[in-house]
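> sequence first, predicted coordinates after that:
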Amino acid sequence: MLRMLRRIGQYLFCLMFVGIGLVVSVVFDRDDERWWAGPAFVGVGVLLIVVFSMVDRWRDRRNAILAHGVDGRGLVTEVKPTAQWESNDVRYFRLTMTIEVPGRAPYTASARQPYHRTRWDRIRPGIVVPVRVHPQDPARVMVATDWLNNPSLKAEPN
């Protein structure tokens with residue numbers, strides 16, 4: 001319920017920009033020096049719709065793996081820091097792992113995971129991390145911990 005209300009609020013916010021842009025386009029003629037404000041508001045509204053839908057899609061995919069995924073473990077074979085940072089102290093790493101899931105042969109997969117600066121020295125090949133694997137697509141793997149390496153088996157708050 002809260003997820004639906006959040007999405008309705010997001011899209012109403014975006015439609016507000018589009019509506020303001022359409023009104024401004026009607027009010028100002030092309031001869032007026034402020035004619036660009038209408039298309040700018042419409043563009044921002046459309047851009048926000050695209051961004052919100054991408055974020056919602058990413059969150060839904062992550063929550064689906066957390067809710068319906070198969071528990072397993074991943075033996076880290078390679079660690080590469082990425083260029084992505086969440087803050088000054090939280091950096092994303094790409095972990096290549098040998099995934100072991102009950103009922104399946106071990107296979108190799110990779111996942112991006114944020115880690116806090118205080119945990120960087122612990123992220124190295126040879127560690128074992130809890131993972132969740134998508135039931136139909138075993139290539140979709142996520143490390144089931146948060147950036148402080150605490151278990152993260154619940155879906156994100158709605």
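That came through, no problem. For clarity, every value in this text was computed on a predicted model and none was experimentally measured.
> and the longest strand along the chain, what does it pack onto?
Once the chain is assigned using DSSP state E, the strand that runs over the most residues is strand 70-85. Using 3 or more Cβ pairs under 8 Å, 6 or more residues apart in numbering; DSSP states H and E, the elements in contact with strand 70-85 are strand 90-100, strand 107-116, strand 128-133. In short, each C-beta sits where N, CA and C put it, glycine included.
> show the backbone phi and psi for Ala144.
phi -90, psi 50 (degrees, to the nearest 10).
> which residue is the nearest non-sequential neighbour of it?
Pro130 (4.4 Å; Cβ to Cβ, 6 or more residues apart in numbering).
> my guess is the one you found contacts Gln113. True?
No - counting by Cβ atoms under 8 Å, Pro130 sits too far from Gln113 to count as a contact (11.3 Å).
> where's Trp120 relative to Ser25, distance?
Per Cβ to Cβ, to the nearest Å, Trp120 is found 51 Å from Ser25.
> for the two, indicate the residue with more neighbours.
Of the pair Trp120 and Ser25, Ser25 is the one with more neighbours under other Cβ atoms under 10 Å, namely 17 against 14.
> torsion angles phi and psi at that one?
phi -60, psi -30.
> quick check: most distant residue from the centroid of the chain.
Most distant from the centre of the chain: Asp31, at 43.5 Å, with distances by Cα atoms, centre = their mean.
> stretch 119-130: end-to-end distance?
16 Å (Cα to Cα, to the nearest Å).
> same check, this time on stretch 109-127
Span of stretch 109-127 from end to end, Cα to Cα: 15 Å.
> buried stuff in that stretch?
By neighbour count on 16 or more other Cβ atoms under 10 Å, the buried set for stretch 109-127 is Ala109, Ser110, Ala111, Gln113, Pro114, Tyr115, Arg119, Ile123.
> stretch 25-34 now?
Ser25.
> start to end distance for that stretch?
Span of stretch 25-34 from end to end, Cα to Cα: 9 Å.
> give me the distance between that stretch and the centre of its chain.
Here the centre of stretch 25-34 is set off from its chain's centre by 39 Å, with Cα atoms, centre = their mean, to the nearest Å.
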